[in-house]
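Enquirer: Kindly generate the corresponding structure for this input.
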Amino acid sequence: MLPTFNHDAATAIEAAKAAELAGLHGVFSFDHLWPIGRPDHPALSCLPVLAAVAATTERIRLGPLVARVGLLPDQVLLASLLGLAEIAGARLLVGIGTGDSKSLEEHKRNGLVYLGAAARQESLRALCSSLSDAGIESWVGAGSEATNEAARRAGITLNFWGATPARLAAEAAKGPVTWAGPIPGGAEAAATTLSSMADAGASWVVWGWPQSLETVVEAARLAGVQLGRQEQPLSRE
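Expert: Numbers count the residues shown, from 1 in each chain. Below is the predicted model of the structure:
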């Protein structure tokens with residue numbers, strides 16, 4: 001995850017460049033108006049930051065994790081993602097989700113309509129279909145069982161934030177999965193987490209913004225993850 005809870009984008013752009021140089025497979029941006037539970041802190045707009053990252057990198061994949069339906073009108077969000085695809089090309093990987101009660105306060109404080117679950121799920125289905133038609137890979141942020149089942153029926157990968165290896169393995173038996181979340185500890189502990197998520201069936205592990213990129217690289221090395229390649233992010237040496 002990129003460090004986007006800042007007043008300017010320079011840190012996030014430099015982090016993306018450093019990640020590409022280190023051989024990481026992808027960088028992602030939250031889509032929040034502030035860090036959850038901290039409305040007095042800044043947050044950069046997700047899609048413009050990713051456009052800047054796309055324009056200043058060459059190999060690394062990038063995308064929102066996750067773009068939330070309801071923050072923008074559906075057609076504006078779709079047009080923005082299609083525009084981002086014009087810059088990033090096949091590197092774009094769109095995480096998209098319905099949001100949940102944790103993000104409700106963002107809508108309330110900014111006068112945004114917070115649609116019911118059924119309406120958000122319908123928007124999600126339509127947007128995923130449009131992205132697929134445009135040849136853009138997408139993941140759906142796992143949520144309610146209705147959301148998860150809709151993604152599985154469409155053959156779309158589900159991304160689980162903070163799930164345990166046991167939960168992830170159970171979900172992987174139903175369809176393709178990726179994992180994202182904070183990874184505590186040093187390189188050795190992080191490597192154990194990476195390995196356990198790969199063994200549970202995750203094709204990607206997205207690390208919540210780390211304090212040290214060097215720790216990420218060392219953890220990947222210890223876990224046997226090959227860096228410097230776009231395909232098969234969790235392939236082992």
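
Enquirer: Grab the most central residue of this structure for me.
Expert: Centre of the chain computed as the mean C-alpha position; nearest residue by C-alpha atoms, centre = their mean is residue 65, 2.5 Å away.

Enquirer: ok, it - contacts?
Expert: The contact partners of residue 65, by C-beta atoms under 8 Å, 6 or more residues apart in numbering, come to 1, 28, 29, 30, 31, 95, 139, 141, 159, 180, 206. Glycine gets a C-beta too; all of them are placed from N, C-alpha and C.

Enquirer: Roughly how far does the second one sit from residue 96?
Expert: Separation of residue 28 from residue 96 (C-beta to C-beta, to the nearest Å) stands at 12 Å.

Enquirer: of the two, who's got more company?
Expert: The neighbour comparison of residue 28 against residue 96 (other C-beta atoms under 10 Å) goes to residue 28, with 29 against 26.

Enquirer: looking at the protein, which helix or strand is least sure?
Expert: The least trusted helix or strand in the chain, going by mean pLDDT, DSSP states H and E, turns out to be helix 104-109, with a mean of 84.

Enquirer: List of residues touching the helix or strand hosting residue 83?
Expert: If you go by DSSP states H and E, residue 83 is part of helix 74-88. With C-beta under 8 Å, 6+ apart as the contact definition, helix 74-88 has outside contacts at 47, 50-51, 54-55, 62, 67, 69, 71-72, 92, 94, 123, 126-127, 130-131, 134, 136.

Enquirer: Buried among the residues you listed? Make that a ChimeraX selection.
Expert: Of those, the buried ones go into a single ChimeraX selection, burial set by 16 or more other C-beta atoms under 10 Å:
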select :47,50,51,54,62,67,69,71,72,92,94,123,127,130,131,136
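
Enquirer: out of the contacts of helix 74-88, which are inside strands?
Expert: 62, 67, 94 (DSSP state E).

Enquirer: Enumerate the beta-bridge partners assigned to the last one.
Expert: Which is residue 94. Beta-bridge partners for residue 94, by DSSP bridges, are residue 138.

Enquirer: returning to that earlier point: common neighbours of residue 28 and residue 96, please.
Expert: residue 64.

Enquirer: Residue 178 versus the residue nearest to the centre of the chain, what's the distance?
Expert: Distance of residue 65 to residue 178, given as C-beta to C-beta: 9 Å.

Enquirer: if we can go back for a sec, pick the one among the ones in strands among the contacts of helix 74-88 closest to residue 194.
Expert: Distances from residue 194 to the ones in strands among the contacts of helix 74-88, taken as C-beta to C-beta, are shortest for residue 62 (20.2 Å).

Enquirer: which residues touch the closest one?
Expert: Residue 62 makes contact with 16, 26, 27, 28, 29, 50, 53, 54, 88, 91, 92, 93, according to C-beta under 8 Å, 6+ apart.

Enquirer: For the helix holding residue 83, buried residues please.
Expert: 77, 78, 80, 81, 84, 85, 88.

Enquirer: got the CA coordinates for it in CSV?
Expert: The C-alpha trace of helix 74-88 is given here as CSV (Å, rounded to 0.1, in the frame of the first residue of the first chain):
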residue,chain,number,x,y,z
ASP,A,74,-20.8,5.1,-11.0
GLN,A,75,-20.3,6.5,-14.5
VAL,A,76,-17.7,9.0,-13.2
LEU,A,77,-15.8,6.2,-11.4
LEU,A,78,-15.9,4.1,-14.5
ALA,A,79,-14.7,6.9,-16.8
SER,A,80,-11.9,7.7,-14.3
LEU,A,81,-10.7,4.1,-14.3
LEU,A,82,-10.9,3.8,-18.1
GLY,A,83,-8.8,7.0,-18.2
LEU,A,84,-6.3,5.6,-15.8
ALA,A,85,-6.1,2.5,-18.0
GLU,A,86,-5.1,4.7,-20.9
ILE,A,87,-2.0,5.7,-18.9
ALA,A,88,-1.2,2.4,-17.1
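
Enquirer: If anything else comes up later, I'll come back, but that's it for now.
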